[in-house]
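> pasting the sequence and the predicted coordinates here, then a few questions.
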Amino acid sequence: MRISNKSGRPAGRQHRRVVLAALAATALSLGQVRTAAADATISIDATSTLPLGNGNSNVLPVLKNVFQSGNAPGSVSGGADAGDPMLPLLAGIGTKRARLLMVDEYCDIDAQGTFGGHNLITGNFDTPDCAQVAWQIDWLLKANLSPHMAVASHMPINFIPFGEPETWGDRRIDPLNANSPKIIDHYKNYAKKLVRYIATRAFAGGAQTAIFEVSNEIDIAADYPVCNGSTCTPPDLGPWKRWLWWIDPTKYVIYGNSQAYAITGEDNPQLGFPYNGDVRRLGRNLLPVQKLFADAITAVNTELSQNSLYNGKTIEIAGPAMAGWNLIVRPQGAGASLEEQFIEQVFNPYALPYGAKFNMPLDRFSFHYYGSVEALGAHTVQDACADVTQPFALFEQLTNAYKAKLSTFSMQNVPLFLSEWGPSSCPNGDVNFSHKGAAWVAAFLPEALAQGVTMGSFLAVEDRLVYGGTPLLGTASLLHTYGGEPPYTFLPKPPPTCSRCIA
């Protein structure tokens, strides 16, 4: 598809304006909407390619890369084989990857450093496989998908007795044995073994890449204190429990409200619990874990590069996978967002207050975005969920901020990875399963290209968000799951249907 703009303006921007006008017309009654006349003529040639920059670049592969993935926790519907009705639909959309979020919750290592997983039925620690990861990766491979892993959202079970990592210091896993490993080194060993396990299993099944992120939307991840009268405690450590599992809760006033938004002030013990957007979610939770996994990926990449079985295979690290709270809501006022401070700590060897402590490789800068956030300034949250007719001003603000900060450290070549996106972040209304969502996607893809996004992942492959769960039709997903029990019927939703022209 080639979009030419006879006024000389960027083609992607002019095209999205027309589609947004069409979207407004379909989302509202004709009596409610007035659209300004376009100040340029648009012609679309469906037989050629969409230009970017000087018009000589074929960006079809990039368009595909933005669309051809989704989160797939509920998609493991009994084994991918020739009879799985989902497979031809995924092939038709052109799906290439699937994001696996928190499937590592029960992976672990024992005191001897043996990797495995906790069996949810027997309670045993089974080796050498982590069944929840193996089950889903094997399904991806049968569906010819590569894994995109979001890991380390919570603390593994065998580390719970050691307490929060900020308290570990030089303590050892066996305090009576001076030769036992330090707890922090034991966790580093776990991170390396988890990365190796996922990558080698995926590569052995034919995948060419494995992409890792650490945690998910840590800027807003729900993790509020549990209070009984005047006594408050954080959630328990362990799988599916405390998101802010690295930080020591005795180092802040858990019932207090004072917050920190600049990383240079995050060690103040008089601060309250770190709510949404507090910088301690970054410097005292995400960054330490991200650094451990970045180092683990570097080590495993080096190890596998020496084995001819893995020639051409790559493991990548992306981050910070945030929701953009500090750029959308701006609780810090004019100060730097968490994402901008993340970039500073990762790439600046003189960053305050840590210097090079958190310098690490970053193959892709990842972030999340939904069209419904554009309307937050004009609507309540509930009403904004149903309004995706707004221009992409906030999206441009987000991407421009990220690109500017990356350029500050000569890292402008780090690709932007939209690792979770969709028309609306809310399951209410019909946006995510109607022509409204399809029109929004058609408008958004050129915008994503214009802003430099090179890869993406739609919210979900299907609208059962957990295996065996009830389908939520209003969820932003590629497919709707119809039926209460196997065999399921999977129906393409209108938003991804518009991707068939690029699949």
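Received the coordinates, thanks.
> so, low pLDDT: which residues of the chain?
1-58, 73-83, 377-384, 467-468, 484-486, 498-503 (pLDDT under 70).
> now do the helices in the stretch 101-250 of the chain.
131-142, 183-204 (DSSP state H, counting those that start in this stretch).
> got JSON lines for those helices, with distance to Ser419 and mean neighbour count too?
(Each C-beta comes from the backbone N, C-alpha and C, glycine too.) Shown next, in JSON lines, are the helices of the stretch 101-250 of the chain (distance: least, Cβ to Cβ, whole Å; neighbours: other Cβ atoms under 10 Å):
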{"stretch": "helix 131-142", "distance to Ser419": "16", "mean neighbour count": "19"}
{"stretch": "helix 183-204", "distance to Ser419": "17", "mean neighbour count": "20"}
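> now tabulate these in CSV and tack on distance to Leu478.
Below are the helices of the stretch 101-250 of the chain laid out as CSV (distance: least, Cβ to Cβ, whole Å):
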stretch, distance to Leu478
helix 131-142, 15
helix 183-204, 21
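> nearest approach to Pro494 belongs to which of those helices?
Taking Cβ to Cβ, helix 131-142 is the member of the helices of the stretch 101-250 of the chain nearest to Pro494, at 25.2 Å.
> contacts only, for Ala152.
Asp104, Ala191, Val214, Ser215, Val289, Phe293 (Cβ atoms under 8 Å, 6 or more residues apart in numbering).
> which of these tops the neighbour count?
Highest neighbour count within those: Ser215, with 28 neighbours (other Cβ atoms under 10 Å).
> can you give me phi and psi for it?
Here is the backbone geometry of Ser215 (degrees, to the nearest 10): phi 60, psi -170.
> ok, it touching Ser153?
Yes: assessed by Cβ atoms under 8 Å, Ser215 is found in contact with Ser153 at 4.8 Å.
> nearest to Leu376, out of the helices of the stretch 101-250 of the chain?
Of the helices of the stretch 101-250 of the chain, nearest to Leu376 by Cβ to Cβ is helix 131-142, at 33.9 Å.
> could you give the angle of the closest one to helix 183-204?
30 degrees (axes from the mean of the first three to the mean of the last three Cα atoms, to 10 degrees).
> other residues contacting stretch 101-120?
71, 73, 124-133, 136, 149-154, 156-159, 173-174, 180-181, 186, 189-190, 193-194, 197, 216, 239-240.
> which stretch of helix or strand covers Asp295?
helix 287-305 (DSSP states H and E).
> just checking, what packs against that helix?
helix 183-204, strand 209-214, strand 314-322 (3 or more Cβ pairs under 8 Å, 6 or more residues apart in numbering; DSSP states H and E).
> downstream of the last one, the next helix or strand is which one?
Along the chain past strand 314-322, the next helix or strand (assigned with DSSP H and E) turns out to be helix 325-328.
> let me know the outermost residue of this structure.
Leu176 (41.1 Å; Cα atoms, centre = their mean).
> flag every buried residue along stretch 97-111.
97-109 (16 or more other Cβ atoms under 10 Å).
> want to throw the helices and strands packed on helix 287-305 into TSV with distance to Gly456?
As requested, the helices and strands packed on helix 287-305 are arranged in TSV below (distance: least, Cβ to Cβ, whole Å):
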stretch	distance to Gly456
helix 183-204	20
strand 209-214	12
strand 314-322	12
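> please report phi then psi for Val253.
phi -90, psi 100.
> surely it is in contact with Gln259?
No: taking contacts as Cβ under 8 Å, Val253 lies outside contact range of Gln259: 11.5 Å.
> any shared contact partners between these two?
With Cβ under 8 Å, 6+ apart as the test, Val253 and Gln259 both reach Leu271, Gly272.
> neighbour count for those two, which is higher?
Under the neighbour definition other Cβ under 10 Å, Val253 and Gln259 were set side by side, and Gln259 has more, 19 against 16.
> what's the burial count for the residue nearest to the more buried one when sequence neighbours are not counted?
Distances taken as Cβ to Cβ, 6 or more residues apart in numbering place Asp278 nearest to Gln259, at 4.8 Å, with adjacent residues excluded. Asp278 has 27 neighbours, counted by other Cβ under 10 Å.
> list the contacts of Asp278.
Gln259, Ala260, Tyr261, Leu271.
> for those, which single residue is the most surrounded?
Ala260 (23 neighbours).
> on the three-state scheme, that residue is what?
Counting by DSSP: H, G, I helix; E, B strand; the rest coil, the backbone at Ala260 sits in coil.
> repeat that for Thr470.
coil.
> neighbours around it, how many?
With other Cβ under 10 Å as criterion, Thr470 counts 11.
> so what's it closest to, chain neighbours aside?
Here the residue nearest Thr470, using Cβ to Cβ, 6+ apart, is Arg464, at 7.0 Å.
> quick one: that neighbour from Val346, how far?
With distances taken as Cβ to Cβ, to the nearest Å, Arg464 is found 35 Å from Val346.
> which parts of the stretch 301-450 of the chain are helices?
325-328, 338-347, 381-384, 393-408, 435-450.
> distance from the chain centre to the fourth one, please.
Same thing as helix 393-408. 18 Å (Cα atoms, centre = their mean, to the nearest Å).
> returning to what we had before: now the contacts of Ala152 in JSON lines, with distance to Pro353?
Formatted as JSON lines, the contacts of Ala152 follow (distance: Cβ to Cβ, whole Å):
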{"residue": "Asp104", "distance to Pro353": "31"}
{"residue": "Ala191", "distance to Pro353": "25"}
{"residue": "Val214", "distance to Pro353": "21"}
{"residue": "Ser215", "distance to Pro353": "22"}
{"residue": "Val289", "distance to Pro353": "19"}
{"residue": "Phe293", "distance to Pro353": "22"}
